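J.: here are the coordinates; sequence isn't available:
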Ligand code: EPU
């Protein structure tokens, strides 16, 4: 069991360095399966989801060398045509990228369905629709997704996604990169990590254009070669520190960011009264007075990200007036509101909508991280609250935030990680 103990009420000040993007890295690491040669990948975040993926690749026969804290060399040339270990695959949702990567590399894939979801149903029908359009036969059997390409290989095709899906867009890209002919993904997701995966694949010899727009064109190539690539900074980690500075108050310079990726978050926090200055690769957030109320609806990029919903809910809980959050991506993602209410927040949830009445002060108590981003929100709430907050189930947080304790301490926070000898439960998220 690991928990964080926070003595709140101290403003944050100083600089924090953002790590490589989790949701880009979880696509890029499986993508190395498609490459014959060595990929040198920089800015890889050291988080538990990435450690798991590296173990999966390594058990499949990849040779992995750590050149520095955040730089890895991965060579999948000799990877065996093997089923990825189910006990590892089931712990990380992004293991679904192994389907596209294995299908592209070996012409077939057999991957255990990703583990338990913790904010409502998260189907993968659009991934399957894409693989089928490329000519694969896909069946679900015994908890596995089994996909087989036809004897003459996958063929480029036109895939029109019924819902804008990050995972399906990236997975179909992985399947199509070595297919014969050209694939078009229409109604594609446009998140920065989609562009990052396309850039990585192109650096290794792929021919992908249009990533970041509604239509991505993938012209199949015969093979991919090794190369060097640096993963983009994590948009949501940066947004989390922005929300922390706004909720807790203080003056924080967030470094190694791409301000363009943060525009919807910057706009919302400015509307709420935070003073934000953008630099070329940094962003400064200052909050001194009381925050103002606002409404937000989560949407696919460039809209306000669902992965920032819970962190901004903490800001709204401490703002003057009543705010409304509408969840536009998932059926619901508000389990954390009950935990915030235990700290004195006043939030009413009606399916996809949370009505938040601002309060003067949150109060420390024992709360749980319900998922990765909800866990980050609990930490922010604890930093803003008076008294002591204990956040349990922080293994969720550690799936996606590199060195959160050290980074927050660097900003003056009083936060400690306490580990008791008891294995954390691991469930699929991300
Ligand atoms: N959907 C379908 N069918 C599909 C795929 C998705 O109906 O085949 C629906 C989902 O149920 C959801 C919507 O489409 O309602 C969008 O889902 P998407 O596929 O975009 O989500 P994802 O790929 O499973 C990624 C991130 C999530 C992030 C979402 C939305 C990774 C590993 N995960 O999930 O990140 O919330 O995109 O931006 O990239 C997180 O980092 O905390 C996290 C949960």
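T.: All right, it came through fine. This one's a predicted model, so the numbers in the text were calculated from it and none came from an experiment. Numbering: from 1, shown residues only.
J.: only C-alpha atoms from now on, for both contacts and neighbour counts.
T.: Noted.
J.: can you count the residues close to residue 228?
T.: A count of nearby residues for residue 228, using other Cα atoms under 10 Å, gives 14.
J.: residue 32 is in contact with that one, correct?
T.: No. With contact defined as Cα atoms under 8 Å, residue 228 and residue 32 do not form a contacting pair (11.5 Å).
J.: now for those two: what residues contact both?
T.: Shared contacts of residue 228 and residue 32 (Cα atoms under 8 Å, 6 or more residues apart in numbering): residue 39.
J.: average model confidence for stretch 396-410?
T.: The average pLDDT within stretch 396-410 is 97.
J.: straight-line length of it, end to end?
T.: 22 Å (Cα to Cα, to the nearest Å).
J.: and what of stretch 125-141?
T.: By Cα to Cα, one end of stretch 125-141 lies 15 Å from the other end.
J.: pLDDT on that stretch, on average?
T.: 95.
J.: now do the buried residues in that stretch.
T.: 126, 127, 128, 129, 130, 131, 132, 133, 134, 135, 136, 138 (16 or more other Cα atoms under 10 Å).
J.: need the three-state assignment for the third one.
T.: In this case it means residue 128. Recorded secondary structure, residue 128: helix (DSSP: H, G, I helix; E, B strand; the rest coil).
J.: so how far is the ligand from the closest residue to residue 345 other than its chain neighbours?
T.: The shortest distance from residue 345 to any non-neighbouring residue, by Cα to Cα, 6 or more residues apart in numbering, is to residue 317 (5.8 Å). Computed as Cα to the nearest ligand atom, to the nearest Å, the residue 317 to the ligand distance reads 21 Å.
J.: what's the local residue count around the residue of the stretch 201-350 of the chain found nearest the ligand?
T.: In the stretch 201-350 of the chain, the residue that lies nearest the ligand is residue 330 (4.2 Å; Cα to the nearest ligand atom). Counted with other Cα under 10 Å, residues neighbouring residue 330 total 15.
J.: ok, now the one 3 residues further on?
T.: By other Cα under 10 Å, the residues close to residue 333 number 26.
J.: could you do residue 387 as well?
T.: Residue 387 has 15 nearby residues by other Cα under 10 Å.
J.: show me the contacts for it.
T.: Going by Cα under 8 Å, 6+ apart, residue 387 touches 7, 8, 9, 363, 364, 365.
J.: and the third one, backbone torsions?
T.: The reference is to residue 9. Dihedral pair for residue 9: phi 90, psi 10, per degrees, to the nearest 10.
J.: quick thing: my sequence starts at 50, can you match it?
T.: Will do, 50 is the new start, and the previous item becomes residue 58.
J.: tell me the spacing between it and residue 436.
T.: Applying Cα to Cα, the value for residue 58 to residue 436 is 8 Å.
J.: which neighbours do those two have in common?
T.: By Cα under 8 Å, 6+ apart, no residue touches both residue 58 and residue 436.
J.: show me which of the buried residues of stretch 174-190 is closest to the ligand.
T.: Distance ranking of those against the ligand, using Cα to the nearest ligand atom, places residue 175 first at 3.5 Å.
J.: chain neighbours aside, what residue packs nearest to the closest one?
T.: residue 217 (5.7 Å).
J.: quick one: secondary structure of the one you found?
T.: helix.
J.: then the one 4 residues further on?
T.: Of the three states, residue 221 takes helix according to three-state DSSP.
J.: verify the stated contact: it with residue 180.
T.: Yes. Under the criterion of Cα under 8 Å, residue 221 makes contact with residue 180 at 6.5 Å.
J.: overlap in contacts of the two?
T.: residue 149.
J.: show me what contacts residue 430?
T.: Per Cα under 8 Å, 6+ apart, neighbours of residue 430: 296, 297, 363, 389, 411.
J.: among the residues you listed, which one sits closest to residue 347?
T.: residue 363 (15.4 Å; Cα to Cα).
J.: right, and that closest one touches residue 432 too?
T.: No. Between residue 363 and residue 432 there is no contact under Cα under 8 Å: 10.6 Å.
J.: just the contacts of residue 430: which are in strands?
T.: Here DSSP state E is the test, and the contacts of residue 430 give no hits in strands at all.
J.: farthest-separated two in those?
T.: Going by Cα to Cα, the pair spanning the contacts of residue 430 furthest: 297 and 389, at 14.8 Å.
J.: more neighbours, those two?
T.: More crowded of residue 297 and residue 389, by other Cα under 10 Å: residue 389, with 27 against 24.
J.: how about the residue nearest to residue 394, what does it touch?
T.: By Cα under 8 Å, 6+ apart, residue 366 lies in contact with 394, 395, 396, 405, 406, 407, 408.
J.: and it, what's its pLDDT?
T.: Reported pLDDT for residue 366: 98.
J.: then the one 5 residues further on?
T.: At residue 371, the model reports a pLDDT of 98.
J.: just give the number of residues close to it.
T.: Residue 371 has 19 neighbours, counted by other Cα under 10 Å.
J.: isn't it right next to residue 404, touching?
T.: Yes. Using Cα under 8 Å, residue 371 makes contact with residue 404 at a distance of 7.1 Å.
J.: show me what contacts residue 348?
T.: By Cα under 8 Å, 6+ apart, residue 348 lies in contact with 354, 355, 376, 377, 378.
J.: gap between it and residue 355?
T.: From residue 348 over to residue 355 (counting by Cα to Cα), the distance is 7 Å.
J.: give me the common contacts of the two.
T.: What both residue 348 and residue 355 touch, as defined by Cα under 8 Å, 6+ apart, is the set 376, 377, 378.
J.: sorry, back to before: CSV for the contacts of residue 348, including neighbour count and secondary structure?
T.: Output for the contacts of residue 348, formatted as CSV (neighbours: other Cα atoms under 10 Å; DSSP: H, G, I helix; E, B strand; the rest coil):
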residue, neighbour count, secondary structure
354, 23, coil
355, 21, helix
376, 22, coil
377, 19, coil
378, 18, coil
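J.: can you put these in CSV and add pLDDT?
T.: Output for the contacts of residue 348, formatted as CSV (pLDDT from 0 to 100):
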residue, pLDDT
354, 98
355, 98
376, 97
377, 97
378, 95
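J.: give the buried residues for stretch 132-143.
T.: Across stretch 132-143, burial judged by 16+ other Cα under 10 Å covers 132, 133, 135, 137, 138, 139, 140, 141, 142, 143.
J.: of those residues, which belong to helices?
T.: Here DSSP state H is the test, and these give 135, 137, 138 as lying in helices.
J.: any residues touching stretch 194-214, and which ones?
T.: 148, 152-153, 156-162, 175, 178-180, 182-189, 225, 228-238, 268-269, 349.
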